[in-house]
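1. fold the stuff below for me.
(3 chains)
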Amino acid sequence: MNLTNGQPPANEPVSRRQFLRNGARLMTMTGLGVAAGALVSRSNGAAYVWQIDPAKCLHCGNCATQCVLEQSAVKCVHAYAVCGYCQLCTGFFAPEPNELTTAAENQLCPTAAIKRTYVEDPYYQYSIDENLCIGCAKCVQGCNRFGNGSLFLQIRHDRCLNCNECAISRTCPGQAFRRVPVDHPYLLKTTSR
Amino acid sequence: MKPEFELYDRREFFGVVTKTAAVIGLVAGAKASAEEQGQGTANPFAYDISRFQKTDPKLVAYEEVNRWPIPHKEARRLAIGPNDQIYLCAGNFINCLSQTGQPGVELALAGPACCVAVARDGTIYAGLRDHIEVFDSKGAKTALWESPDPKSWLTGLAAGEKDVFAADAHKLVVLRYDRHGKILGRIGHKNAERNVPGFIVPSPFLDVIIHRDGLLRVNNPGRHRVEAYTFDGDLEGAWGKPTAAIEGFCGCCNPIAITTLADGRIVTCEKGIPRVKIYSASGEFESVVAGAESFPENAHACSDLNDCIHGGIDAAVDSEGHIYILDIVTGDVRVMKRKA
Amino acid sequence: MFRRLKIIGALGLMLFLALIVCAEQRFPPPDFENGYQLPTTSTPAARHLWLQYGDTAVFLAALGLAVWLIYKKRSRRWLFCLSLFSLAYFGFYRRGCICPIGSPQNVVYALFNPNYAVPVTVLVFCFAPIIVALFAGRAFCAGVCPQGALQDLVLIKPIKVPLWLEHALSIIPYLFLGAGLIYAATGTGFMICRYDPFVPFFRLSGSTFILTAGALFLLIGMFIGRPYCRFLCPYGGILRVASLASKWRVRVTPDVCTQCQLCEQSCPFGAMREPTPPGTNPKWLTAERRRLGWLLVLLPVLVLVGVWAGSKLNSAASKVDPAVALYERYARQQIKPVQYSAMSPEALSLQRAAENPDATLKAARDLQHRFILACELLGGWIGLVIGLKLIALSLRQNRTDFEPDRGACVACARCFTSCPNERVRLGLMPATGEPASL
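-> The predicted structure follows:
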């Protein structure tokens, strides 16, 4: 069985089409090589992932609804070193709580994802259960408005699919999404503002 | 056999190309125009406190009759002396002004003027950040009291017959001095045996007043209440509710300043949703002196500029019951008179 | 020495004051008395880089295997198995991302944005199928592309698309490619990724619009083979052109074409071509040459008309960009205010724009500037595509055998078993002992 490939047998002159084709192929390969070389020289081999810049985030609620996944890959995270551990945490409690307990009617979070645990008087620890958090930034708004601003949104990379174009980034009103190197995939808050 | 493509088919091809282009153009145009006219999407997770920023007009019992700017920047506190003169702490100065803002005596201090109190005999007690200096009514310095602690941050002063009380926002205590600067006691310090839970002061706004019933009133911003102490430091009672609604104290730490009317009712100042309110002596909400609508720059400073520490308001009452409100952000004093 | 001490003292004082100022900036951290330790914020890592290299290795292996299966083994069944594996791996496991279809956008984005460097894996995904196409045709389309595999799965009864419609729709991939690359170059977004109808199926979630579009494509794909590949896929457009220069071509017959015409209807994608009839009427030749001449002259005219038309599209096209759209919304708000819901994304973006209107304006103007050139290029590209298509339609192909069109053939190997010589090779038919001929 021959591997017939449309090429003329040896010793026959190459047709004009064949010559043009070979030339086009050579030029394309050269062009691709040049382009690849130019691009690779800038690349450091690392890949990119998406992340939210908390300084630009406007807490608009799009992260909860625009992710391609049903449960968004964006979650609220807590910078414990920035937190005031207040008894009345304005990121935890609704603006008009009946009393300062963990009853659902007093909480701001629509899915009760923030866990409040007593440390010592008058300090309470607030931590987020990521399986419940939907990334809606309601607590982030409360914390930033009246509190230290220790709650903020981040893309969690054990959930994020790392789409070539992040669907949330398209609709972000603060243009807070940017690509970060995969070995430093978080933009954590270390200060209050 | 027909050749692959005939002239006849080419015309159809052009027709299809034109139609496809038209369709694409229409769709793109429709999409673009739809985006322009849209009212936008609602945010179902909005943290909307706009309903708290509007005050029910039926609750507002005071109206503004005068407003004048203060002479220096970085205002902090104000107090009213025995002759209805206004004493302002701004920058490194304490200014004594008339009720219409005419300048009088000016005391230049070595450091920032954080708080002031004037005794009935006219002695001015000026609270710098960590110590108190005493001046006579003419403005001559008579004493410099030793600093109780280098980390002190005095934010409130009250002068009584025999005692001077200084509220320290960093050390979380109200110091009781005699008229000569000797510390007689520490009030409000956390003490489980005396059932004193202690002050929570996330931002430096601790204030103290001497009430006509002989007890001190101190604001406890982190616990959203006003506490009553004896001069010896026993906690006699407390009132206050944490809520953004009008009858409580909003945000994380309010009230930031308190003062008292002649009949014992208490005037409170809040930041975040800036408002000045009046409560009865036992803590029932009575009326609003100035609601959030009166302090737009203050609200903007706290929410948009995230500068809650340098914002705020303070209030003081003169002998006729006018309430003077110092707006720290705009740098002016407003004179409020009770409505008829 | 005293001077040095004074300088150190001054610096120390400044540092102390700075610390005090910093301490004033936020609420003080609590002093815990019972020995409570602050927890640390967890930072779950992203997918390992070596796994991405693994994906690239699998990709290259699949490409190589596809070429071997098409040219050496010549087996539709094994190629189908490979495409199923690709659907499972690159489709459902990797959720269809990163895929070669979108990768030219990354390359163009990197060329025009110094802040972004293309990862090597993406470069391989972009260039490897093109290089393969330059030698062995569209082996990627048949064996490795998960979108193609999905369409192949749903194909039940292929209907032949009329030739004029097929030619007309075949320029859409190039329009899509042009628009997608323009938007990638300006940094607006990746349109090709945005409007991929099949990736939401791989992710098992997506907006109603794109899921409906995907379902529609699959529905159409039951009767019209590979509608996305033939009429929309921009990367398919690139591979089509690359395949025109391929070294080897897919041949229906393993050795000699006996002109039996049994393979004519075997291609569900309309790629099979007949041999050109021998002997041409010299009248036709002159007419054809004249037509070709006119089309060659028409080509630069079309390009220029396209450039002009593109420049008119500039303002509409630039509105897709979020920075330009924000400025437009802000400017419109000053003239005719619209009441947006409180704290909606639009209201918040307007607040942000109001903080620094000059910066918003500058960003929008810079982008609109880039869009002027970009739209002119896009218009010229569209003119070029139409002109080249017309020229391609007028070129005479001298074909002696039945063979698939180099560019349109997706190398799916369906046509092989329709050829009697292939059946002889497979042992399904006895050899007659004489070479069959006309």
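
2. how does chain C divide up, domain by domain?
-> For chain C, the structural domains run C:54-258+C:402-426, C:285-394, going by automatic domain parsing.

3. go through the ones you listed and pick out the most buried.
-> Mean neighbours per residue, mean count of other Cβ atoms under 10 Å in any protein chain shown, is largest over those for domain C:54-258+C:402-426, with a mean of 21. (Each C-beta comes from the backbone N, C-alpha and C, glycine too.)

4. can you give me the end-to-end span of that domain?
-> 35 Å (Cα to Cα, to the nearest Å).

5. look at the closest residue to chain A within the stretch 251-400 of chain C and give its secondary structure.
-> Closest contact between the stretch 251-400 of chain C and chain A, by Cβ to the nearest Cβ, is at C:Ser349 (3.4 Å). What DSSP: H, G, I helix; E, B strand; the rest coil gives for C:Ser349 is helix.

6. helices or strands up against the longest helix that chain A contains?
-> Identified as the longest helix of chain A according to DSSP state H is helix A:16-42. The contact analysis (3 or more Cβ pairs under 8 Å, 6 or more residues apart in numbering or on different chains; DSSP states H and E) places helix A:16-42 against helix C:103-112, helix C:120-136, helix C:234-244.

7. any idea of the pLDDT on B:His322?
-> Per-residue pLDDT puts B:His322 at 94.

8. same question, A:Thr4
-> 50.

9. with mean pLDDT added, can I get the domains of chain C in a markdown table?
-> A markdown table is the format used below for these (pLDDT from 0 to 100):
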| stretch | mean pLDDT |
| --- | --- |
| domain C:54-258+C:402-426 | 93 |
| domain C:285-394 | 90 |
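
10. got those as JSON lines, with distance to chain B columns?
-> Below are the domains of chain C laid out as JSON lines (distance: least, Cβ to the nearest Cβ, whole Å):
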{"stretch": "domain C:54-258+C:402-426", "distance to chain B": "4"}
{"stretch": "domain C:285-394", "distance to chain B": "4"}
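
11. mind putting the ones you listed in TSV, distance to B:Ile273 included?
-> Below are those laid out as TSV (distance: least, Cβ to Cβ, whole Å):
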stretch	distance to B:Ile273
domain C:54-258+C:402-426	38
domain C:285-394	15
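
12. wait, doesn't C:Phe125 sit right on C:Thr56?
-> Yes: at 7.1 Å, C:Phe125 counts as touching C:Thr56 under the criterion of Cβ atoms under 8 Å.

13. distance of the nearest residue to B:Phe52 once chain neighbours are set aside from C:Arg289?
-> Of all residues not flanking B:Phe52 in the chain, B:Ala244 sits nearest, at 4.4 Å (Cβ to Cβ, 6 or more residues apart in numbering or on different chains). Distance, B:Ala244 to C:Arg289, by Cβ to Cβ, to the nearest Å: 84 Å.

14. equivalent analysis for B:Arg179, please.
-> Remark: distance between B:Arg179 and C:Arg289 (Cβ to Cβ) = 117 Å.

15. try C:Ala347
-> Where C:Arg289 is concerned, C:Ala347 sits at a distance of 65 Å (Cβ to Cβ).

16. and A:Ile128, what does it touch?
-> A:Ile128 makes contacts with A:Lys75, A:Cys76, A:Val77, A:His78, A:Ala113, A:Ile114, A:Lys115, A:Leu151, as judged by Cβ atoms under 8 Å, 6 or more residues apart in numbering or on different chains.

17. kindly recompute the last result at 10 Å.
-> A:Ile128 is in contact with A:Lys75, A:Cys76, A:Val77, A:His78, A:Cys109, A:Ala113, A:Ile114, A:Lys115, A:Cys139, A:Leu151, C:Thr41, C:Ser42, counting by Cβ atoms under 10 Å, 6 or more residues apart in numbering or on different chains.

18. give me the pLDDT for it.
-> 96.

19. separation between it and chain B?
-> 15 Å (Cβ to the nearest Cβ, to the nearest Å).

20. stretch C:238-254 and chain A, are they touching?
-> Yes: with Cβ under 10 Å from any Cβ of the partner chain as the criterion, chain A is reached by stretch C:238-254 at C:Val241, C:Ala242, C:Leu244, C:Ala245, C:Ser246, C:Lys247, C:Trp248, C:Arg249, C:Val250, C:Arg251, C:Thr253, C:Pro254.

21. how about the nearest residue to the closest residue to chain C within the stretch 51-200 of chain B, chain neighbours excluded?
-> Relative to chain C, the nearest point of the stretch 51-200 of chain B is B:His170 (8.2 Å; Cβ to the nearest Cβ). Residue nearest to B:His170 in three dimensions, not counting chain neighbours: B:Trp153, with 4.1 Å by Cβ to Cβ, 6+ apart.

22. and the one you found, what does it touch?
-> B:Trp153 neighbours (Cβ under 10 Å, 6+ apart): B:114-115, B:127, B:129-130, B:167-171, B:201, B:204, B:206, C:24.

23. filter those residues to the buried ones?
-> By neighbour count, with 16 or more other Cβ atoms under 10 Å in any protein chain shown, the contacts of B:Trp153 hold B:114-115, B:127, B:129-130, B:167-171, B:201, B:204, B:206 as buried.

24. and B:Phe106, helix, strand or coil?
-> No Phe there; residue B:106 is Glu. Applying three-state DSSP: B:Glu106 is strand.

25. circling back: so the longest helix of chain A versus helix C:103-112, what angle?
-> 60 degrees (axes from the mean of the first three to the mean of the last three Cα atoms, to 10 degrees).

26. the inter-axis angle of helix A:16-42 versus helix C:234-244?
-> Using the same axes, to 10 degrees: helix A:16-42 against helix C:234-244 is 130 degrees.

27. next helix or strand past helix A:16-42?
-> As assigned by DSSP states H and E, the chain's next helix or strand after helix A:16-42 is strand A:48-52.

28. for the helix or strand that that next one is followed by, what is the average pLDDT?
-> Next helix or strand after strand A:48-52 toward the C-terminus (DSSP H and E): helix A:62-66. Helix A:62-66 carries an average pLDDT of 93.

29. for the chain, what spans make up the helices?
-> I went with chain A, as the question did not name one. Using DSSP H, the helices of chain A run over A:16-42, A:62-66, A:138-146, A:167-171.

30. should've been chain B
-> Remark: helices assigned in chain B by DSSP H are B:7-37, B:296-303.

31. show me what contacts residue 134?
-> Picked chain A for this. A:61, A:63-65, A:67, A:71-72, A:74-76, A:109-111, A:113, B:45.

32. oops, wrong one, chain C.
-> Counting by Cβ under 10 Å, 6+ apart, C:Leu134 touches A:21, A:24-26, A:28-29, A:32, C:239, C:242-247.

33. let's go with 6 Å and repeat that
-> Contact analysis of C:Leu134 by Cβ atoms under 6 Å, 6 or more residues apart in numbering or on different chains lists A:Arg25, A:Thr28, C:Ala242, C:Ala245, C:Ser246.

34. look at the first one and report its pLDDT.
-> By that I understand A:Arg25. Note on A:Arg25: pLDDT of 92.

35. excluding its backbone neighbours, what's nearest it?
-> C:Ala245 (4.4 Å).

36. what does A:Ile128 give?
-> Per Cβ to Cβ, 6+ apart, closest to A:Ile128 is A:Cys76, 5.2 Å.

37. show me what the one you found is bridged to.
-> A:Leu153 (DSSP bridges).

38. residue contacts, it?
-> A:Ile128, A:Cys133, A:Cys139, A:Leu151, A:Leu153.

39. per-residue pLDDT, it?
-> 97.

40. residues contacting C:Thr188?
-> With Cβ under 6 Å, 6+ apart, C:Thr188 has these contacts: C:Val320, C:Asp321.

41. correction: the previous question concerned C:Ala136.
-> Contact analysis of C:Ala136 by Cβ under 6 Å, 6+ apart lists C:Val67, C:Trp248.
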